[in-house]
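> Quick one, what's the 3D model for this:
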Amino acid sequence: MDVNELVDMIDNKMNSGVSRLSVGFSEDLNTGVKKESYHHGRCDVGSPWAKGTVSNCDVIDTQDDQS
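Prediction:
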C-alpha cells in the first residue's frame with residue numbers, strides 16, 4: 001500500500017461516518033493484502049461520561065482559583 005492509497009482509505013472511512021480508526025502494518029500479511037476488523041462499542045461504555053451521569057468527583061478541576 002502506498003501513501004496515496006492509505007490517505008484515500010482514511011478519507012473514505014471518515015467520509016462514511018467512522019469516528020475512530022486505528023491503522024497498523026503487519027509483516028504477517030502478504031504484500032498488498034488489507035485486513036479490516038470492527039471494534040464493537042467504545043472503551044468508555046458504562047462510564048459516567050458515556051451514561052451522562054458525570055458528577056463533581058469525576059471531573060478534574062483544571063482552573064486555578066486565584067480569587
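
> CA only for contacts and neighbour counts going forward, please
OK.

> need the helices for this protein, in chain order.
Per DSSP state H, the chain carries helices over the ranges 3-15, 48-51.

> Compare those helices and report which one is nearest to residue 35.
Among the helices of the chain, helix 3-15 comes nearest to residue 35, with 12.2 Å by CA to CA.

> Show me what counts as buried in that closest one.
Using 16 or more other CA atoms under 10 Å as the test for burial, helix 3-15 gives residue 10.

> Would you mind extracting the C-alpha trace of it into CSV?
Below are the C-alpha coordinates for helix 3-15, written out as CSV (Å, rounded to 0.1, in the frame of the first residue of the first chain):
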residue,chain,number,x,y,z
VAL,A,3,0.9,6.6,0.9
ASN,A,4,-1.9,7.8,-1.5
GLU,A,5,-3.8,4.6,-1.1
LEU,A,6,-3.6,4.9,2.7
VAL,A,7,-4.8,8.6,2.6
ASP,A,8,-7.7,7.6,0.3
MET,A,9,-8.6,4.7,2.6
ILE,A,10,-8.6,7.0,5.7
ASP,A,11,-10.6,9.7,3.8
ASN,A,12,-13.2,7.2,2.7
LYS,A,13,-13.6,5.9,6.2
MET,A,14,-14.0,9.3,7.7
ASN,A,15,-16.5,10.4,5.0
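
> Counting by contacts, list what that helix packs against.
Judged by 3 or more CA pairs under 8 Å, 6 or more residues apart in numbering; DSSP states H and E, helix 3-15 is in contact with no other helix or strand.
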